[in-house]
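[1] The following block contains a protein sequence and its predicted model.
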Amino acid sequence: MEDQAPPIVRRALPVGTDDRDDSGMAFKRPFSGGGPRFAADWLIVGLGNPGSEYARTRHNVGWWVINELAKRAGTQPKVAGSLMAIGVGQLCGQKVALVKPKTYMNLSGKAVAQAGQWTGADTSHTVVLYDDLDMSVGALRIRQGGGHGGHNGLKSIGASVGLEFVRIKVGIGRPTVNGEPTWDPEIVAEYVLGAPWGEDKAKLDEAVKLAADAVEVIITDGVDVAANRFNRK
């Protein structure tokens, strides 16, 4: 498990860019020369698998949060190129790009790398939302930087752009056999690619809204404040 977040590393900024202090607070960064195709202050990526058959599955909980944020930001991600659906809107006074990779989970890095180029957002202002098997259903954990924890989507992103992005993990729980957690690959695959129901669905719906709230707090007050407010087991 990832227990302690590393300190936020400030990045070099071009001349004339407005910055903030060491708290990790957001800033508004102007673009010059016409700017990137989907210029944005923040890049928010929800991990999942494309296709209607996966839309309601546990593995797509990152997309669920993007759907919630899209309502708040007044936008709707639309397919742009072969790697992603992207929409740009306003959230907490900042321009945010909301992205759903159209690659499968284990190729997410290709979409995130292209989204970074298209938006101009660097990894310290990139938030990635994804599911976590080893956290209880509906739990949240927010941090900046860290490892990939065996998550195929994070492995791909790390190989493409590094791992210093902000991550929000949403717990989906681990499947059990005879009351005991299981790591059987077939059982796990069926579980993560299955749709939650009953109490699990209610807990995940609540967690999705809290994760969206956490994104807003990251933008306005920084990662540490969001983690202190929303991290829960």
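    Done, it's in. Residues are numbered from 1 along each chain as shown.
[2] Tell me how many other residues surround Arg167.
    27 (other C-beta atoms under 10 Å). Where C-beta positions appear, they are placed from N, C-alpha and C, glycine not excepted.
[3] Which elements pack onto the top helix by length along the chain?
    Once the chain is assigned using DSSP state H, the helix that runs over the most residues is helix 198-221. Packing partners of helix 198-221 (3 or more C-beta pairs under 8 Å, 6 or more residues apart in numbering; DSSP states H and E): helix 61-73, strand 84-91, strand 126-132, strand 140-144, strand 166-171, helix 223-230.
[4] hmm, try it at 7 Å
    Contacting helix 198-221 under the criterion 3 or more C-beta pairs under 7 Å, 6 or more residues apart in numbering; DSSP states H and E are the following elements: helix 61-73, strand 126-132, strand 140-144, strand 166-171, helix 223-230.
[5] So for the fourth one, what gets flagged as buried?
    With burial defined by 16 or more other C-beta atoms under 10 Å, the residues of strand 166-171 counted as buried are 166-171.
[6] hang on, the earlier thing: convert the C-alpha atoms of the longest helix of the chain to CSV, please.
    The C-alpha atoms that make up helix 198-221 are tabulated as CSV, following Å, rounded to 0.1, in the frame of the first residue of the first chain:
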residue,chain,number,x,y,z
GLY,A,198,-27.1,-3.0,-4.2
GLU,A,199,-25.0,-1.6,-1.4
ASP,A,200,-21.8,-1.6,-3.4
LYS,A,201,-23.4,0.5,-6.1
ALA,A,202,-24.7,3.0,-3.6
LYS,A,203,-21.3,3.3,-2.0
LEU,A,204,-19.6,3.8,-5.4
ASP,A,205,-22.2,6.4,-6.4
GLU,A,206,-21.4,8.4,-3.2
ALA,A,207,-17.7,8.0,-3.8
VAL,A,208,-17.9,9.3,-7.3
LYS,A,209,-19.5,12.5,-6.1
LEU,A,210,-16.9,12.9,-3.3
ALA,A,211,-14.1,12.3,-5.8
ALA,A,212,-15.5,15.0,-8.0
ASP,A,213,-15.6,17.3,-4.9
ALA,A,214,-12.0,16.4,-4.3
VAL,A,215,-11.0,17.4,-7.8
GLU,A,216,-12.5,20.8,-7.1
VAL,A,217,-10.6,21.2,-3.8
ILE,A,218,-7.4,20.1,-5.5
ILE,A,219,-7.9,23.0,-8.0
THR,A,220,-8.7,25.6,-5.4
ASP,A,221,-6.7,24.6,-2.3
